[in-house]
Each structure stands twice: as C-alpha cells, then as structure tokens.
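Enquirer: Compute the structure for the input listed below.
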Amino acid sequence: MKQVMGLAAGLAAGLIAALTLCPIPPPHHFSTPELFVKAAEYVLAIAIATVLAARITAASRGAWGRLVLAAIWFAPLLILVIDRSPLAAVPLIALSASATALLGTAREPPAPSSDLRLLRQFPSGIVTACCVQLALVEALLDHSLVAAALLSAGAAVLAWRATAIDPRAHSTGRRAAGIIAAALALVIVGLFPYRAVVRGAASGAGNGSADADAGRNGDYPDGALADTYRGVILLPEVQQHVTLIPPLPALTRDPFRENKKTLEIPFFGVYWFFRRPDARPPKDSVQMRGTPSALTFRSHDQRPLVMEAHQSLGTPFRISCCRAVELSITNRDRTPQSVSIELILVNTFDTGHPFQSLGKLPVQSIFHMGDKGAGVNEVLEFPIPPAPAIRQWDEFTIRFHRPFLLARESANVAIDGFTLTPR
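Expert: This is a model prediction of the structure:
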C-alpha cells in the first residue's frame, strides 16, 4: 500500500508540475531554437518534480525510472488538449497504459495456473476490443472526449493484464529513450503553433508578398489564413442604397422610457477571424469587405479558427431596460446544426470591460446542399437573466462555436441585426 501511495504521489506531482510550468497559450511566441529548448525544459521539470515526490513519499527507488516515463506524458497531454488537437489522444493513451502498468508493479505475481494462457487473456482482450470499437463509433459521432476515454480504458486494461503476467518487468534503455523522444516530439508539435514566424520567410519573398497583397484586396481564392498574415477583419460590404437609422449615440440609456415598442438595430459592425493565443486579430491582419455567409475562412494549421462579430452602440444602455435580445441571422452553412451562437453584452466604459453572456443557442435552420440564394433567415432569442453581472452595456459581441472536427473553418452565417425587447 505504501508503494502505491508513493507512485500515486509521484504522478500527482508530475501533473501539478505540468499545470504550473506548461502555460498554454505561452506568454510570448518562441523562436525555433527556443521552442526545442522550452520543450526539453517542460519534460525535465516534470521528471524532477516526479522524482522528488517519489523520494519524499519513500517510493521504491527501482520504480523511479518507470514513474518518470509515465509522468512525462503529462506535458504533451496538457498542451495538446488546450490546443484542441486530435493528437492529444496519443499521450492520453500512453499515460493511461504507463500509469496502469506502473501501479500494477506493486502487486505480487499470480500463482501458477494450469489454465491455458489464451483463455486467461480472453476477458481482457474482449474488453479492449469493445473499447476500441465503441471509441470508433463515438469518434464518428464527434464525441472526441468519450472516444479518448474509451481508448484510454482499453490501453489500461492491456497494461494491467501485462503486469499480471510479469509485474517486475523493466524497460530497456532503448525503450526508455524512445518514450522520452516521443514525449518531446509531441510537446514540440503542441508548441509549434506558437513559434515566431518571420513574415514572408515561409514560402519565399515573392510568393508571400503576392499572397498578402491578394488577401488585403479581398481576392484571396479560398479565404485561408495563410502564413503571411495571422488574422482577418471583415468589414461590411459597401451598400448601393443608404438606409437612414436613428443615431444610436443620441439615444438615452433607457430607450423605452417614452416608447415601449421594440427597438431594431441593424448590424453595421465587423467580423474577426484569428487563432489562439491571440485574443483579437493582430495589427498585421488583412482587412477586406464581404459577408461570412458568402466567404469561407480556414486555419492553415491545427489550431481552431476563432470567429467573432463586434458592434459598438456608441452609448451605454441599461441592461434592466430589456427583457431579451433577438438576433437576426442569415444562414448559408451547408453542415446542418453545426453552428452555435453566443451573444455577449460588453461594457467598454468600465475598466476591464465587464460583460454578460446571454448563453449559446444552436442555429436550427438548414441550408441544403442544392439550395441557392442569399440564405435562410432565422431569429434567435436570448433572454436577459434576472440578476445580470453588469448594469449597462454598449457593445454586442457574437461568438460562433463549431464542433471540434469543423473548428478550423469559419461558419457561413451572417448577422443581420438586433431587436431589443422592452420589459
């Protein structure tokens, strides 16, 4: 029991070290040499923390090496999970198998048995096969977390069965080196999106300049976020007609004080497209005109694409004046029920820009593959909570959420306007 507690303490220390020492997104981008050095530092720090915890808890010294080989998987697992990379399944499975095998070394070898070895392995083989098949089904249903958990359970069953045959088995030096190299490689892959890129160096000066100019003019063929720029700001199209609307800054904080009719506000804001760790499109982002219902933007790497819409009202409104906010959209996305929209009320007048999220609502309308035209109109109603976190707001922020497998591509959904419903 003491041995098990020591091994568990070592694994817990490795997890704490990973959570503390592997911040994602990092505070700054890395040059390529720094990226390799930082990956080695992460793995080494977790190994040291694991050994110290094992030593303090008096875990068997013979198990220290295997303990380190299990704990170092925390680094790539944490980084790839936060990056939302499908490669996170690899360190998760490796960690599950390594930790299970490690804890299995604390038990005694089984007594000799006359049973056929194949029959003794049959139950664990059935369980593992079921886990793998169920994981494939869950992956097809886009339940990535459930699929990863099932694969990890299957790996743990195999590892536990292996330790039942020979609990004292030790890793060879070559196998240990391979495990460390694999963990380091996955950490580097996870940190690779945060490398500092020299503009135009990725594809040559001529091609990079041409791509950048095409994007700035709005003529980039497929809307992909290329290496030459890291974000896009999509401005409204130039209208052929002029629509006269009341100047919003002239409105009072309670627009329904004299008139209890609903207030309609057309959308005249901007769309942002960028990737983490950026919190907004960088200064070198491309500006173009258009609507996201007609344009598609894609991330060029494994990081998901962040899509937001922002509209400033110019004057603060009391949040207590409204019962709900209706959001009018045009949907041209050809993947049914793959987009959820979150509406956020932001107070930019106060320090820290406090906000109140009104929650997420799925886009229910369907724009079929054979459909043509501007798209399908839909209205989403967001009730305002009875006890909001802010007293006033002056900006709408709309976030578009997509499932994991579609997160690298923007949603073909455009904002048409807002309707404020009085209390």
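Enquirer: make it CA atoms for all contacts and neighbour counts henceforth
Expert: OK.
Enquirer: so where's the stretch 251-400 of the chain uncertain?
Expert: Residue ranges of the stretch 251-400 of the chain with pLDDT under 70: 251-259, 302, 369-370.
Enquirer: which one is Pro336 nearest to, not counting chain neighbours?
Expert: Using Cα to Cα, 6 or more residues apart in numbering and skipping the chain neighbours, the partner closest in space to Pro336 is Ile366 (5.6 Å).
Enquirer: the domain parsing of the protein - what is it?
Expert: The record's domain parsing of the chain by automatic domain parsing lists 2-194, 230-422.
Enquirer: a markdown table for those, including mean neighbour count?
Expert: Shown next, in a markdown table, are the domains of the chain (neighbours: other Cα atoms under 10 Å):
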| stretch | mean neighbour count |
| --- | --- |
| domain 2-194 | 18 |
| domain 230-422 | 17 |
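Enquirer: wait, His353 sits on Val346?
Expert: Yes: counting by Cα atoms under 8 Å, His353 touches Val346, with 6.4 Å between them.
Enquirer: any idea where the strands of the protein begin and end?
Expert: 224-225, 231-235, 263-266, 270-275, 286-289, 298-299, 305-318, 322-331, 340-346, 355-362, 376-383, 392-401, 413-422 (DSSP state E).
Enquirer: partner strands of the longest one, parallel or antiparallel?
Expert: What that stands for is strand 305-318. The pairing partners recorded for strand 305-318 under DSSP bridges are strand 270-275 (antiparallel), strand 392-401 (antiparallel).
Enquirer: Now distance to Gly10 too, for the ones you listed, in JSON lines please.
Expert: Shown next, in JSON lines, are the strands paired with strand 305-318 (distance: least, Cα to Cα, whole Å):
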{"stretch": "strand 270-275", "distance to Gly10": "35"}
{"stretch": "strand 392-401", "distance to Gly10": "38"}
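Enquirer: out of the ones you listed, which comes closest to Tyr194?
Expert: Comparison of these against Tyr194 by Cα to Cα identifies strand 270-275 as nearest, at 10.3 Å.
Enquirer: Distance of Ile72 relative to Leu7?
Expert: Distance of Ile72 to Leu7, given as Cα to Cα, to the nearest Å: 14 Å.
Enquirer: was I right about Val81 contacting Pro91?
Expert: No: in this structure Val81 lies outside contact range of Pro91 using Cα under 8 Å: 9.8 Å.
Enquirer: rewinding a little: which residues do Ile72 and Leu7 both contact?
Expert: Residues touching both Ile72 and Leu7 (Cα atoms under 8 Å, 6 or more residues apart in numbering): none.
Enquirer: List the residues that contact Phe192.
Expert: Counting by Cα under 8 Å, 6+ apart, Phe192 makes contact with Leu35.
Enquirer: Can you give me the distance of it to Ala8?
Expert: 31 Å.
Enquirer: Check Val270 too.
Expert: Counting by Cα to Cα, the separation of Val270 from Ala8 is 51 Å.
Enquirer: next one: Val232
Expert: Separation of Val232 from Ala8 (Cα to Cα) stands at 47 Å.
Enquirer: Likewise for Ile384?
Expert: Distance from Ile384 to Ala8, by Cα to Cα: 46 Å.
Enquirer: swap in Leu77?
Expert: From Leu77 to Ala8 the distance is 18 Å (Cα to Cα).
Enquirer: Ala17 touches Ala45, doesn't it?
Expert: Yes: Ala17 lies in contact with Ala45 (Cα under 8 Å); the separation is 7.1 Å.
Enquirer: For the spatially closest residue to Arg402 that is not a sequence neighbour, list the residues it contacts.
Expert: Closest residue in space to Arg402, ignoring its immediate chain neighbours: Val339 at 5.1 Å, by Cα to Cα, 6+ apart. Val339 makes contact with Pro362, Val363, Phe400, His401, Arg402, Pro403, Ala411, according to Cα under 8 Å, 6+ apart.
Enquirer: Identify the bridge partners of the closest residue in space to the third one that isn't next to it in sequence.
Expert: Spatially, and ignoring its direct neighbours in sequence, Phe400 is nearest to Ile341 (4.8 Å; Cα to Cα, 6+ apart). In this structure, Ile341 has the following beta-bridge partners (DSSP bridges): Leu361, Phe400.
Enquirer: Let me see the contact set for Ile341.
Expert: Contacts of Ile341 by Cα under 8 Å, 6+ apart are Lys360, Leu361, Pro362, Val363, Ile398, Arg399, Phe400, His401.
Enquirer: What is the nearest of those residues to Lys38?
Expert: Nearest to Lys38 among the contacts of Ile341, with distances taken as Cα to Cα, is His401, at 31.5 Å.
Enquirer: Skipping adjacent residues, who's closest to the closest one in space?
Expert: Per Cα to Cα, 6+ apart, closest to His401 is Ser340, 5.0 Å.
Enquirer: ok, now how distant is the one you found from Ala70?
Expert: According to Cα to Cα, Ser340 and Ala70 sit 38 Å apart.
Enquirer: picking that back up, measure the residue nearest to Phe400 to Ser357 for me?
Expert: Taken as Cα to Cα, the span from Ile341 to Ser357 is 11 Å.
Enquirer: and if you look at Ala13?
Expert: 36 Å.
Enquirer: got it, and Leu235?
Expert: 24 Å.
Enquirer: Do a quick rundown of the helices in this protein.
Expert: Ranges of helices in the chain, per DSSP state H, are 2-21, 32-56, 64-71, 74-82, 89-104, 117-140, 144-165, 173-191, 205-216.
Enquirer: for the third one, packing partners?
Expert: Helix 64-71 makes packing contacts with helix 2-21, helix 32-56, helix 89-104, helix 173-191 when contacts are defined by 3 or more Cα pairs under 8 Å, 6 or more residues apart in numbering; DSSP states H and E.
Enquirer: what's the angle from it to helix 173-191?
Expert: Relative orientation of helix 64-71 and helix 173-191, computed by axes from the mean of the first three to the mean of the last three Cα atoms, to 10 degrees: 30 degrees.
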